[in-house]
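> No sequence on hand, only this structure:
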């Protein structure tokens with residue numbers, strides 16, 4: 001019994017328990033155990049179980065160890081079988097529909113005897129779902145959209161999950177004695193926001209047939225289906241749904257193979273055309289001259305050089321003008337993580353965060369930043385513990401005291417707020433209270449269904465407010481669960497540039513909003529971008545790492561990023577509009 005299969009079983013048990021309405025702590029225990037057993041990465045858990053070492057694995061307890069022991073001894077889990085017998089299989093599929101949680105699914109099952117997505121869709125269309133207490137026509141309509149969205153998403157996963165899986169699989173492949181090097185390729189390497197599968201390129205040791213090495217992976221544990229046995233490229237479909245495309249190559253072909261497996265297909269064709277213009281031909285994982293002789297290309301840099309191009313970073317390989325820019329030596333110097341000096345979109349215990357201001361500041365200092373902006377929710381966001389005026393004042397006093405303690409350290413905490421953009425475009429709070437903040441983040445958190453002209457006008461009016469510093473998660477999307485709301489993004493980007501308001505790249509992995517395609521447009525228009533972690537804990541400050549990848553994909557440089565500037569420059573950026581507004585008000589009073 002291998003780690004991946006055992007982890008999948010534990011995860012399924014957790015899902016079934018959740019659907020049955022079991023205690024959340026019990027469900028979480030199985031989820032934690034699944035992560036722990038997956039991290040072991042063992043092809044055979046038998047020795048660990050028989051020796052008792054299984055008890056030393058972090059996250060496992062008596063109940064979860066019993067499941068693993070059952071798997072090792074019998075090849076199946078009696079507990080999972082019992083849960084399956086007592087729970088319709090289709091309920092598990094319903095969990096993938098945005099807007100449905102276990103409690104709602106249980107209510108639908110009990111009230112309508114609906115036990116799969118097909119029946120759910122029928123009930124939503126014929127009106128039965130809308131009549132169920134606690135639902136209604138709008139909810140039924142949202143669930144129908146969620147079903148369609150889930151079908152379109154298929155097996156896509158978010159980039160952090162794909163990255164973690166790619167690293168695990170890379171370590172597994174790299175442990176093979178006949179493999180000298182493994183590289184992550186495909187859409188994971190290009191840092192796409194959602195990913196369908198993992199691509200790896202493996203450089204085999206000299207003299208070892210790649211076909212032999214690739215085929216050996218079709219016989220490892222945890223595989224549901226394998227294609228390509230006998231060739232140098234195999235596709236593996238694991239029991240937990242993970243898909244791996246593994247390309248094994250001879251040493252001299254590694255660089256070209258990595259470039260090809262990275263893609264995108266459109267980018268490859270553009271570079272192929274450049275090679276052909278120079279009398280070269282791409283033949284499989286080799287580049288040959290007019291006489292058919294292989295040209296040695298030890299690196300991707302050499303490959304691009306052979307095409308007359310500067311090296312193109314993987315994130316840019318999307319056929320959005322990067323090849324022409326590389327030919328003109330006009331590629332951007334992409335932003336890197338060490339360019340950020342601080343972050344500005346963070347929540348604490350004052351609203352819906354999980355850590356104190358002091359704990360968040362300590363984590364920010366540990367990350368090497370020189371400032372942290374606190375931006376808890378404003379009062380209109382009552383569902384997220386939005387701050388009334390007295391809580392704002394109390395928070396400011398706490399920040400002042402903390403900054404006194406931090407005096408001399410080179411680190412400071414800034415006073416911000418995430419103010420709701422109300423339906424008419426006004427920012428939450430009056431002008432007097434907004435003026436107390438060092439900066440203001442503005443966000444749409446309600447009325448997503450407004451038509452495009454109304455939503456556009458709402459956001460444009462918010463941009464007119466001189467207190468607004470950053471427009472957060474501008475399109476409102478939630479990856480794999482909620483589409484962006486309708487509005488004129490071009491008009492908003494243009495006005496943000498004119499007004500001096502930064503557009504946020506929200507680095508929460510479920511948002512990654514603004515989309516990288518729109519970031520390209522924002523840069524072209526000259527808009528400033530703020531990379532915000534939307535951190536609700538000290539741990540989630542690390543979201544900025546994912547955000548950096550998306551920023552690079554959007555062609556952004558350090559000079560485009562607000563929080564790549566020192567704290568005083570951020571404050572000056574925020575005050576510039578207010579000062580102009582105040583000066584105008586004074587002139588009007590004369």
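Alright, I've got the coordinates. No experiment lies behind these values; they were computed from the predicted model shown. Numbering: from 1, shown residues only.
> and residue 371, what pLDDT?
pLDDT recorded at residue 371 is 98.
> count of neighbours near it?
Neighbour count of residue 371, defined by other C-beta atoms under 10 Å: 23. (Glycine included, C-beta is placed from N, CA and C.)
> Touching, it and residue 341? I think so.
Yes: judged on C-beta atoms under 8 Å, residue 371 makes contact with residue 341 at a distance of 6.8 Å.
> Need the overlap of contacts for these two.
The overlap between the contact sets of residue 371 and residue 341 (C-beta atoms under 8 Å, 6 or more residues apart in numbering) consists of residue 567.
> Might you report the residue contacts of the residue sitting nearest the centre point of the chain?
The C-alpha lying nearest the average C-alpha coordinate of the chain belongs to residue 509 (C-alpha atoms, centre = their mean; 2.7 Å). Counting by C-beta under 8 Å, 6+ apart, residue 509 touches 158, 159, 160, 479, 543, 546.
> Report the buried members of those.
Applying 16 or more other C-beta atoms under 10 Å to these, the neighbour count classes 158, 159, 160, 479, 543, 546 as buried.
> in the helix or strand containing the third one, what counts as buried?
This points to residue 160. Residue 160 belongs to helix 159-174 when assigned by DSSP states H and E. Neighbour-count burial for helix 159-174 flags 159, 160, 162, 163, 165, 166, 168, 169, 170, 172, 173 (criterion: 16+ other C-beta under 10 Å).
> so which of the residues you listed would you say is closest to residue 348?
Nearest to residue 348 among the buried residues of helix 159-174, counting by C-beta to C-beta, is residue 160 at 22.8 Å.
> any idea how far the closest one is from residue 166?
Residue 160 sits 11 Å away from residue 166, going by C-beta to C-beta, to the nearest Å.
> now swap in residue 86 and tell me
36 Å.
> tally of neighbours for residue 241?
Using other C-beta under 10 Å, the number of residues around residue 241 comes to 10.
> Same question for the one 10 residues further on.
Residue 251 sits with 15 neighbouring residues when counted by other C-beta under 10 Å.
> Which stretches in the stretch 101-250 of the chain count as strands?
Assigned by DSSP state E, counting those that start in this stretch, the stretch 101-250 of the chain shows strands spanning 157-158, 179-185, 194-195, 198-204, 223-227, 233-238, 243-249.
> could I get these as JSON lines with distance to residue 531?
Listed next are the strands of the stretch 101-250 of the chain as JSON lines, based on distance: least, C-beta to C-beta, whole Å:
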{"stretch": "strand 157-158", "distance to residue 531": "17"}
{"stretch": "strand 179-185", "distance to residue 531": "23"}
{"stretch": "strand 194-195", "distance to residue 531": "19"}
{"stretch": "strand 198-204", "distance to residue 531": "26"}
{"stretch": "strand 223-227", "distance to residue 531": "39"}
{"stretch": "strand 233-238", "distance to residue 531": "33"}
{"stretch": "strand 243-249", "distance to residue 531": "30"}
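> Pick the most deeply packed of those strands.
Using mean count of other C-beta atoms under 10 Å, the stretch among those with the largest mean neighbour count is strand 198-204, at a mean of 25.
> who's in contact with it?
By C-beta under 8 Å, 6+ apart, the list of residues contacting strand 198-204 reads 162, 165-166, 169-170, 173-174, 176, 178-189, 210, 213-214, 242-251, 254, 257-258, 261-262.
> try 6 Å this time
Where contact means C-beta atoms under 6 Å, 6 or more residues apart in numbering, the residues beyond strand 198-204 that reach it are 165-166, 169-170, 173, 178-183, 185-186, 210, 213, 244-248, 251, 254, 257-258, 261.
> cool, stretch 330-348 as well?
Contacts of stretch 330-348 (C-beta under 6 Å, 6+ apart): 310, 313, 325, 353, 357, 360, 369-371, 373-376, 441, 530, 532-536, 548, 551-552, 555-558, 561, 563-564, 566.
> Repeat that for stretch 253-268.
Taking C-beta under 6 Å, 6+ apart as the rule, stretch 253-268 contacts 183, 185, 189, 199, 201, 203, 247, 249, 285, 297-300, 303, 314, 317-319.
> what do you get for stretch 523-530?
Stretch 523-530 is contacted from outside by 344, 470, 493-494, 496-497, 502-505, 555, 560-563, using C-beta under 6 Å, 6+ apart.
> buried sites along it?
By neighbour count on 16+ other C-beta under 10 Å, the buried set for stretch 523-530 is 523, 527, 528, 529, 530.
> Just confirm the second one is within a strand.
Same thing as residue 527. No: counting by DSSP: H, G, I helix; E, B strand; the rest coil, residue 527 falls outside a strand, being coil.
> For the closest residue in space to residue 467 that isn't next to it in sequence, report the pLDDT, please.
Counting by C-beta to C-beta, 6 or more residues apart in numbering, residue 434 is the residue found nearest to residue 467 once chain neighbours are left out, at 4.1 Å. As predicted, residue 434 sits at a pLDDT of 96.
> Residue 547 against residue 534, yeah?
No: counting by C-beta atoms under 6 Å, residue 547 stays clear of residue 534, with 9.4 Å between them.
> Now do the SS call for the nearest residue to residue 537 once chain neighbours are set aside.
Nearest residue to residue 537 in three dimensions, chain neighbours excluded: residue 354, at 4.4 Å (C-beta to C-beta, 6+ apart). Classification of residue 354 by three-state DSSP places it in coil.
> go on, residue 275?
Following three-state DSSP, we place residue 275 in the helix state.
> what's the answer for residue 287, then?
Residue 287 ends up strand, using three-state DSSP.
> Mind listing the residues bridging to it?
residue 282 (DSSP bridges).
> My understanding was that it contacts residue 280; is that so?
Yes: between residue 287 and residue 280 there is a contact under C-beta under 6 Å: 5.5 Å.
> more neighbours, the two?
Taking neighbours as other C-beta under 10 Å, residue 287 and residue 280 compare with residue 287 leading, 22 against 18.
> quick one: the more buried one and residue 294, what's the gap?
For residue 287, the distance to residue 294 (C-beta to C-beta) stands at 7 Å.
> got it, and residue 306?
According to C-beta to C-beta, residue 306 stands 12 Å off from residue 294.
> Likewise for residue 247?
Going from residue 247 to residue 294 by C-beta to C-beta gives 18 Å.
> So what does the nearest residue to residue 168 once chain neighbours are set aside look like in phi/psi?
Counting by C-beta to C-beta, 6+ apart, residue 41 is the residue found nearest to residue 168 once chain neighbours are left out, at 6.7 Å. Residue 41 adopts backbone torsions of phi 60, psi 30, taken as degrees, to the nearest 10.
> Tally up the residues packed near residue 41, please.
Using other C-beta under 10 Å as the criterion, the residues surrounding residue 41 number 14.
> picking up where we left off before, so which residues make contact with the helix holding residue 160?
182, 184, 188, 193, 195, 198, 200, 202, 242, 244, 509, 546.
> my guess is residue 27 contacts residue 20, does it?
No: the criterion here is C-beta under 6 Å, and residue 27 misses it with residue 20 at 9.3 Å.
> Which of these two has more residues huddled nearby?
Neighbour count, other C-beta under 10 Å: between residue 27 and residue 20, residue 27 has more, with 20 against 14.
> Contacts only, for that one.
Shown in contact with residue 27 (C-beta under 6 Å, 6+ apart): 14, 17, 18.
> I'd like the distance between residue 143 and residue 149.
10 Å.
> The two: who's more crowded?
Legend: neighbour count by other C-beta under 10 Å for residue 143 and residue 149, higher for residue 143 (24 against 17).
> Which pLDDT value goes with the more buried one?
Residue 143 carries a pLDDT score of 89 in this model.
> which residue packs closest to it, ignoring adjacent ones?
residue 124 is the one closest to residue 143 (C-beta to C-beta, 6+ apart), at 5.2 Å.
> Quick check: the one you found touching residue 140?
Yes: because the distance of 4.5 Å satisfies C-beta under 6 Å, residue 124 is recorded as touching residue 140.
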